[in-house]
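Colleague: What shape does this take:
(chains A, B and C)
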Amino acid sequence: MATYFLKRLALALVTLWLLSMIVFFAGQVLPGDPGRSILGPLAAPSAVAVLDHQLGVDKPLLSQYGSWISGLLHGNMGTSYQFRLPVEPFIQAALVNSVKLAALAFVIVVPLGILGGIIAALNVGRATDRIISVAGLSAATVPEFVSGIVVIIVFAVALKVLPVSASAGAGASAGSQLDHLILPAIPLILVLFGYIARMARAGMIEALDSDYARTATLKGLKRSVVIRRHLLRNALLPTITVIATQTGYLIGGLVVVETLFNYQGIGNLIYKAAQGKDFPMLEAGVLTIGVVYMVATLIADMLYTVLNPRLRLGGNA
Amino acid sequence: MTDIAAAPAAEVVVAHAGRSGELTSWRLLLRRPTFFVGALILLFWVVCALFSGAIEPHDPLAQQLLATNQAPSGAHWFGTDQLGRDMLSRVIAGSRTILLIAPLATLLGTVAGTAIGLLMGYLGGVVDILVSRIVEAVLALPLVIVAFLFVVALGPSPPVIIVVVGFVFTPLIARTVRSAVLVESQLDYLSSARLLGERALRIMFVEILPNVLPTILVEFTVRLGYAIFTVATLSFLGFGVQPPTPDWGAEIATNYGVLPAGYWWMTLFPALAIASLVIAINLVTDSIEQVLAS
Amino acid sequence: MTTADATTEPPSAGRAGPTVAVDHMNVSYRVRGRDRLALKDVSFRIGSRESYGLVGESGSGKSTVALALTRYLPRNGRVSGGSIAINGKDPLAMRGAALRELRARTVSMVYQEPGRALNPSIRVGRQVAEVYELAGAPRAEALERARAMLAKVQIADPGGVMGRYPHQLSGGMAQRAVIAMALAAEPSLLILDEPTTALDATVEAEVLDLVSALREEFSTSVLFISHNLAVIAKMCDRVGVLYAGELVEEGPAADVFGSPRHPYTIGLLRCIPRRDQRKDHGRLDSIPGFLPPPGHTLPGCVFAPRCSIAEDRCREAPPPAFEIDPAHTSRCYRYDVAPDLPRSTPVNVSLPRPAGAPEPLARLANVSKTFTSRAGPVQALRLVDLDLHRGETLGLVGESGSGKTTLARVLLGLIPPDDGATVALGEQALPADVRRRTRDQLKSLQIVFQNPDSALNRRHTVRRLISRPLTKLARLSGERLRERVADLIRSVRMEQRHLALRPSQLSGGLKQRTAIARAFGAGPAVVVCDEPTSALDVSVQAAILNVLADLQSKEQATYLFISHDLGVVRYLSDRIAVLYLGRLMEVGPAERVFSGPHHPYTEALLSAVPSLNGTDSGRIKLSGEIPSAADPPGGCVFHTRCPRRLPTGECESAEPPLAEVEPGHLMRCHIPIERLQVLQGNGRQT
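Modeller: Here you go, the predicted model:
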């Protein structure tokens, strides 16, 4: 099993390296001259050239990539063009904010999704199942800003029970922060619910139809015992991997939700950086979320391997 | 004495079911209420897109600076926006961009994804491993972010958005097609084909492809929903079609600033339009999946 | 003979009341809004301690009987008529706790695939102990009793198995564990639904012996469901024959199989190859026609459309059960003349073979194949040499892990062998990779696969499937193409109208005929048949075997016939090769290999196969499981299980060479053939 982990880790590093290349070279394709962006349209071309030289943008691409990577490995993410300040603190603060929002969404949606999927599977083909399935699928594909708008209109404008802005202000209490985060969490929850419920449902149906479910039932066990003791662990195993991949969709959703609710998270940061052609910020931000996603998938994979006896122990007698 | 002399009845019954089986699929589809409702809504928006000029009550681009921010009323069913433009007309006209871009992008992604998925699944080996790594790397980034990065680089015009969204969906579709192809690869008819000396390209497209077609069809309809999602999100973020062309996502982006002040109609109606389209497609997809499964 | 009520009373009935009493039971399934009868008017009794066999082919409804008895019919199924009584109680009226009680204490089931019947995430010990816990035992005691039970089902090292997960057990061991679980509750009724179909012959024999022994010990009644008549004959006191949902004949096993009185039973028995039957003399008969489609509403006897002695009254009203003896009934108006049922195929045919040339047509030399797996390198084949002579049928037998399928695929070029191997056709060495072979080479070697669902592209029509080899390899077109297709269709006894159909619209037998027609299309010299009839019903199998024999003669082809079914192999083969764990153990003329003297493994294999002709004398018990191919034993690879292992230790230390012990007969054994002759009894019949 240790060899499997090491192999998986190595693969992840390869993918990470590929990712960094994609991000870097994609960033280079974006139009605009960095020196010009910083100094503004009225600066003299010679000043721009000097700054460009200082920034190192006239060096060959590969060497720029090399210095970027070595900088990263030393914890230096570069200097923002917009703010003329190091990028790391921005990324850090934004990441913390996003994690708060994401954690709230996750904590609510994972149990909800799994429960929904299981209930749908236990009533397969009947009305409950169809409603949960179609509702879940629809919720998953309605864009976050759409559900965000509806939710704002209903709860903030019409009913006025929750605040529109996601930021509670500096030094606010945990309760107040939570209050502000509920509305932005809802679109995220809706999108994730569909995927998680679908996976849990599929896993549960497969378990219900299996031969071992039949064996357990014919032993004379109560249905609730069969489900709890025999089926759940097999049904939910694939759902673990899905939850990890949801991080990807979640982050995509963060961009939209944070923009809509004006929340200083990493999605918002990336968006503003793209608009402002702030390449160092943009590249660092995109790479960060890439890393977060890959770490999540790696953990999920390892967890899956540990929990599945067939993979953990392997081999026939 | 052959053993099929008597009772060919069994075969005949089966044969009939087979031929009329195709028809029954369509009829089964039409009978389902979910399909019916979904298709109806879809049809409505398609009609809006095709005939918006004839349907819209006012010119969506006509600004009436004396009638800005008007709540819904008899004159303007959906109210007017900050520049006095009729919301109803803008919503009707807004269907055009999204119904043009999303299906084309999905089609592009499906064709490309199928080709790549077939190659990866059938050839396996180094090709598969290499392309899988690249696919994984690309998928590590949220599609929306990848999409808007490219649009920022290349400029937000409809052809660019179509190509970018199509490109962004290709890895996902390739992965699904690859899995389906791997399942087929376990079957012996491929060995039989090799024993006839069939070439790899022919095996992929003549032997395997017809068998994975149902999967591709379902994949297409599912991705269509996500394409609408992505295109609308790009519009909202400002990377879609540019003003003054009416577009649902852009509409919301322009007008959500005034939402706290109580001007809800400028954002709600475009939002409901998007939601209805997405739900309609999901109903249709769900019905197709149910019929194919039975 | 009087017309009795539909049931026969078992001998023990008077004493304790039957364990199972099924009366006029109908079971229907709701499909597309319509009810379809899967079982019609089925009645039988199983007495206490009695073993009752239910025999039928696919579509007979035999598994539905088991599902009905345990109340585990799928959502769209229900018992629509008649009654069931288990130990006097009606399971159909039970709800909740009473039903659970029935399942926990009274009835147990064992199914076909043991690996899947066990929960993959729970250790085996826990799963067996669960039965005891359900009966009220505390955890520790339950685990102890579980361990004892596992020992009782002859699992060596029960403690170790307790802690393992199902995927770590072999098929045989897993099935024993499932049997342990089933008997732990000491049920009154044990239902076995094809329990050994997925197991190798030697393992199957062990498991069947185990079931017999335990049945004695626990005094359980047994309902044994199978398509394999020989197994039923061996295991059961009484037998019921199911056809298309109806019980057509019932009685003591010896009577039903010895003097059958229903045309279907008679036809079925004629489809099974016996010791003295060969492809050209004593031919297998087949049953003409097809099973009626599910949900049919035939007015008369359900078998009438296929029966060669059917009269008008047979087609008008369904026959009641006629009593031939007090215990033996048959649902046939013409049961008295049934034994004279005319055959549908001639008994003897002439199958001319091409004059055997001295040089082999195809040869495999030094063929080894090592696969890499998680557990390390697995040697599927080791230094196998095999020759094929023109016009012959070489039967290749072996159990799982023997490497027989791998060998076939190496011959065809689908799997590359390890370096140093030679695959040759005539004088020419063939490229190891099929993609490098020329058109002529491809033409000469074709295959019929086991599973026609997998082997035929379900999106192509029959015409396309058969024509492709003709256009690609034989370069036929136009009129000549059409003629050849028509000729092939005729040879496999299909009809023109089948050409437009797709595989999903055909029955199993028709699909396999399509596959055979396709294989022969371009006129191959060698056709590999890889378990071509294993996935088919018995009655269909007989027809396909005859088609294969006829086509071979007509097209002057050579067969490499692979099968685990020794009866089928003996029927068709001229020579036999026996593989065990990738080594060739014996090769020789069929008669010599089958009647002996032969290799101890061959001997054990032959004795493991149950025969219809009554009890088998002196079964050779093989100890232990088939070793894993990843870790084969040293010396003679069979020594760990060989009952004739030499006490000198030679068998453990040195691998015997493959030596010619008689002209044309090679064996890999340290024991000299004269000694084997003495040990095995001269001309021992199996």
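
Colleague: CA only for contacts and neighbour counts going forward, please
Modeller: Will do.

Colleague: Share the number of residues neighbouring the nearest residue to residue B:172 once chain neighbours are set aside, please.
Modeller: Spatially, and ignoring its direct neighbours in sequence, residue B:172 is nearest to residue B:113 (7.5 Å; CA to CA, 6 or more residues apart in numbering or on different chains). Residue B:113 has 27 neighbouring residues, counting by other CA atoms under 10 Å in any protein chain shown.

Colleague: Check which helices and strands the helix or strand harbouring residue B:113 sits against.
Modeller: Here residue B:113 sits within helix B:87-123, counting by DSSP states H and E. Helix B:87-123 sits against helix B:33-55, helix B:125-139, helix B:158-185, helix B:209-236, helix B:248-255, helix B:265-293, with contacts defined as 3 or more CA pairs under 8 Å, 6 or more residues apart in numbering or on different chains; DSSP states H and E.

Colleague: tell me which residues of it are tucked away?
Modeller: Within helix B:87-123, the residues that count as buried by 16 or more other CA atoms under 10 Å in any protein chain shown are B:87-99, B:101-122.

Colleague: What's the mean pLDDT across that helix?
Modeller: Average pLDDT, helix B:87-123: 92.

Colleague: need the contact list for residue A:24.
Modeller: Contact analysis of residue A:24 by CA atoms under 8 Å, 6 or more residues apart in numbering or on different chains lists A:65, A:283.

Colleague: In a strand, residue C:350, correct?
Modeller: No: counting by DSSP: H, G, I helix; E, B strand; the rest coil, residue C:350 falls outside a strand, being coil.

Colleague: can you count the residues close to the closest residue to it other than its chain neighbours?
Modeller: Closest residue in space to residue C:350, ignoring its immediate chain neighbours: residue C:280 at 6.1 Å, by CA to CA, 6+ apart. The tally of other residues near residue C:280 (other CA under 10 Å) stands at 19.

Colleague: Spit out the contact partners of residue C:280.
Modeller: Contacts for residue C:280 were tallied using CA under 8 Å, 6+ apart; they are C:347-351.

Colleague: Switch these over to a markdown table; also include distance to residue A:96 and neighbour count.
Modeller: Converted to a markdown table, the contacts of residue C:280 look like this (distance: CA to CA, whole Å; neighbours: other CA atoms under 10 Å in any protein chain shown):
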| residue | distance to residue A:96 | neighbour count |
| --- | --- | --- |
| C:347 | 86 | 15 |
| C:348 | 87 | 13 |
| C:349 | 86 | 13 |
| C:350 | 87 | 10 |
| C:351 | 84 | 16 |
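
Colleague: got JSON lines for the residues you listed, with pLDDT too?
Modeller: Formatted as JSON lines, these follow (pLDDT from 0 to 100):
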{"residue": "C:347", "pLDDT": "85"}
{"residue": "C:348", "pLDDT": "87"}
{"residue": "C:349", "pLDDT": "85"}
{"residue": "C:350", "pLDDT": "84"}
{"residue": "C:351", "pLDDT": "83"}
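
Colleague: In JSON lines: these, plus distance to residue A:68.
Modeller: As requested, these are arranged in JSON lines below (distance: CA to CA, whole Å):
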{"residue": "C:347", "distance to residue A:68": "86"}
{"residue": "C:348", "distance to residue A:68": "86"}
{"residue": "C:349", "distance to residue A:68": "84"}
{"residue": "C:350", "distance to residue A:68": "84"}
{"residue": "C:351", "distance to residue A:68": "80"}
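
Colleague: Which of these sits closest to chain A?
Modeller: Closest approach between the contacts of residue C:280 and chain A, by CA to the nearest CA: residue C:347, at 44.1 Å.

Colleague: who are the neighbours in contact with the closest one?
Modeller: C:280-285.

Colleague: make it 7 Å
Modeller: Each residue near residue C:347 by CA atoms under 7 Å, 6 or more residues apart in numbering or on different chains is listed here: C:281-283.

Colleague: By mean pLDDT, flag the weakest helix or strand of chain C.
Modeller: helix C:13-16 (a mean of 46; mean pLDDT, DSSP states H and E).

Colleague: what's the following helix or strand past that one packed up against?
Modeller: As assigned by DSSP H and E, the chain's next helix or strand after helix C:13-16 is strand C:20-31. Where contact means 3 or more CA pairs under 7 Å, 6 or more residues apart in numbering or on different chains; DSSP states H and E, strand C:20-31 is packed against strand C:34-46, strand C:77-86.

Colleague: Export the helices and strands packed on helix B:87-123 to TSV and append columns for mean neighbour count.
Modeller: Below are those laid out as TSV (neighbours: other CA atoms under 10 Å in any protein chain shown):
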stretch	mean neighbour count
helix B:33-55	17
helix B:125-139	16
helix B:158-185	22
helix B:209-236	22
helix B:248-255	23
helix B:265-293	22
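
Colleague: how far away is residue C:630 from residue C:401?
Modeller: 10 Å (CA to CA, to the nearest Å).

Colleague: wait, I meant residue C:91
Modeller: Taking CA to CA, one finds residue C:91 at 43 Å from residue C:401.

Colleague: cool, and residue A:25?
Modeller: Using CA to CA, residue A:25 is found at 52 Å from residue C:401.

Colleague: Of those two, give the one with the bigger neighbour count.
Modeller: Under the neighbour definition other CA under 10 Å, residue A:25 and residue C:401 were set side by side, and residue C:401 has more, 20 against 15.

Colleague: any idea which element the residue nearest in space to the middle of chain A lies in?
Modeller: Nearest to the geometric centre of chain A sits residue A:247, at 2.8 Å (CA atoms, centre = their mean). Using DSSP H and E, residue A:247 sits in helix A:232-261.

Colleague: count of residues packed around residue C:170?
Modeller: 19.

Colleague: so what's it scoring on pLDDT?
Modeller: Residue C:170 carries a pLDDT value of 87.

Colleague: now swap in residue C:624 and tell me
Modeller: 71.

Colleague: residue contacts, it?
Modeller: With CA under 7 Å, 6+ apart, residue C:624 has these contacts: residue C:641.

Colleague: How about the secondary structure of it?
Modeller: Residue C:624 - assigned by three-state DSSP - is coil.

Colleague: how much space is there between it and residue C:584?
Modeller: To residue C:584, residue C:624 is 21 Å away according to CA to CA.

Colleague: Could you do residue A:19 as well?
Modeller: Taken as CA to CA, the span from residue A:19 to residue C:584 is 53 Å.

Colleague: Next: residue A:167.
Modeller: Note on residue A:167: its distance to residue C:584, by CA to CA, is 77 Å.

Colleague: Of the two, give the one with the bigger neighbour count.
Modeller: Using other CA under 10 Å as the criterion, residue A:167 and residue C:584 rank with residue C:584 on top: 26 against 19.

Colleague: What are the phi and psi values at the residue of the stretch 551-686 of chain C found nearest chain B?
Modeller: Among the residues of the stretch 551-686 of chain C, residue C:551 lies closest to chain B, at 14.3 Å counting by CA to the nearest CA. With angles defined as degrees, to the nearest 10, residue C:551 sits at phi -70, psi -40.

Colleague: gap between the residue nearest to it when sequence neighbours are not counted and chain A?
Modeller: Nearest non-adjacent residue to residue C:551, counting by CA to CA, 6+ apart: residue C:491, 6.8 Å away. Per CA to the nearest CA, to the nearest Å, residue C:491 is found 42 Å from chain A.

Colleague: swap in residue C:227?
Modeller: Look at residue C:227 and chain A: by CA to the nearest CA, they are 21 Å apart.

Colleague: again with residue B:248
Modeller: According to CA to the nearest CA, residue B:248 stands 10 Å off from chain A.

Colleague: That residue is in contact with residue B:270, isn't it?
Modeller: Yes: counting by CA atoms under 7 Å, residue B:248 touches residue B:270, with 5.1 Å between them.
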